[in-house]
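K.L.:
Sequence first, then the predicted structure:
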Amino acid sequence: MDFSLSDDQRSMQASVSGTLQRTATLDRVRAFADGDQIVGGQVWRSLVDLGVGGLLIPEKHGGLGLGLLDAALVGEALGANVTPTPFLGSAVLAPLALMKAGSAAQQDTWLPRLAAGEAKAAIAIGEAVSGARDGAGVTARNGRLSGKSLFVIDAAQADLIIVADGNGRLHLVAGDTPGLRNTPLTSIDLTRQLGEIAFADCRAEPLDQSDGVLGRLRDAAWTMLAADMLGASGAMNDKAVAYAKERKQFGRLIGSFQAVKHLCAEMAAELEPCRALVWYAAYAFDAAPAEASLTAAHAKAHLSEVSRFVARTATEIHGGVGITDLLGLHYWFKRVGLDRQLLGGPERVRAMAAAMQGLG
């Protein structure tokens, strides 16, 4: 089977990467991590101007009408640049939820705004996907929500929130709904904004519960997190190889030492098959839905392990300078650390994959 990217897909990924190299420099990422929200808005606007905000949204709503594979290519570029954007919530998961389960009125209200970057979306499905947490969980009754959701994706300044209740049903809540409290949560990765959202008898609009929409959102999220890890760990590998070619020890470039060569080769060997795995998981989401859940689980679990190995090894190759803030390698290290655990760590995702196959 000949499976490769089209010229348009390669051009799109190159365009996004080039834009990020200008707008999401390490200094700007550091400024965002230190609390400069303006930087994040500027980076997101530069991506929206390329059409990234409407990547999956149909043309009739102002989007490009592309597929999850295209989104995964953008996600890989975002991970490679540790980009601070609300891409996963606003450009991928919320549009998918609205397109698959939203009413015509909900789609007409929100999809054009998301495509134009005029609205941001948060995704509160963590408890429904990765298991209940103490003190967390959302209940729905008579069109109103109560409870709390933790580690809400892209929670900061969200104009709408897609919420899963304890029974896996999805709801749409406006960000300014009375009784809603959105509190920032600090994670190891300061390039992404998670939150704790509490609902005190908040009015909510139900989404269509047919066709396993929550499962589709989970599969898309797993695939996009895998793409982000692929990009971030690939960048760390590249940085380690480049450093090995310029750093001298005992009068020789450290890249000439056999042990360092082996470490670099092992990182490359671990990463190379991952690209095909992520691409196929994203392709299957649209073209082979019967395979989508399992391939997404495999991609998320496998990239979680490979990216952790690459992050650790790349840092070791840099030696002591690898842990300094000046170098900034820790932003990529922490990026894959959050991706690994968000919506289920590899052990839990593998258990879910086994259950899908009747092996649990």
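P.N.:
In hand now; what should we look at? Numbering: from 1, shown residues only.
K.L.:
So which residues of the stretch 1-150 of the chain form strands?
P.N.:
Here the stretch 1-150 of the chain has its strands, by DSSP state E, counting those that start in this stretch, at 121-124, 137-141, 144-153.
K.L.:
Please identify the most buried of these.
P.N.:
Ranked by mean neighbour count under mean count of other C-beta atoms under 10 Å, the strands of the stretch 1-150 of the chain are led by strand 121-124, which reaches a mean of 29. Backbone N, C-alpha and C define where each C-beta goes, glycine included.
K.L.:
Check which helices and strands that strand sits against.
P.N.:
helix 94-101, strand 144-153, strand 160-164, strand 194-203 (3 or more C-beta pairs under 8 Å, 6 or more residues apart in numbering; DSSP states H and E).
K.L.:
what mean pLDDT would you report for stretch 160-169?
P.N.:
Averaging pLDDT along stretch 160-169 gives 94.
K.L.:
Pull up the distance across it, start to finish.
P.N.:
16 Å (C-alpha to C-alpha, to the nearest Å).
K.L.:
just checking, Lys148 touches Arg133?
P.N.:
No - under the criterion of C-beta atoms under 8 Å, Lys148 makes no contact with Arg133, lying 9.2 Å away.
K.L.:
and the host helix or strand of Ala220 with strand 144-153, angle?
P.N.:
Ala220 belongs to helix 213-244 when assigned by DSSP states H and E. Angle between the axes of helix 213-244 and strand 144-153 is 20 degrees (criterion: axes from the mean of the first three to the mean of the last three C-alpha atoms, to 10 degrees).
K.L.:
Let me know the next secondary structure element after helix 213-244.
P.N.:
As assigned by DSSP H and E, the chain's next helix or strand after helix 213-244 is strand 248-249.
K.L.:
What pairs with that next one, parallel or antiparallel?
P.N.:
Sheet pairing for strand 248-249, assigned by DSSP bridges, gives strand 252-253 (antiparallel).
K.L.:
can you list the residues that contact the partner strand?
P.N.:
Ala244, Lys245, Glu246, Arg247 (C-beta atoms under 8 Å, 6 or more residues apart in numbering).
K.L.:
average pLDDT across that strand?
P.N.:
For strand 252-253, the per-residue pLDDT averages 88.
K.L.:
Give the next helix or strand downstream of that strand.
P.N.:
Past strand 252-253, the next helix or strand by DSSP H and E is helix 258-287.
K.L.:
Whatever helix or strand comes next after that following helix relative to helix 258-287, how many degrees between them?
P.N.:
Per DSSP H and E, helix 258-287 leads on to helix 289-318 as the next helix or strand towards the C-terminus. With the same axes, to 10 degrees as the basis, helix 289-318 and helix 258-287 are set at 160 degrees to each other.
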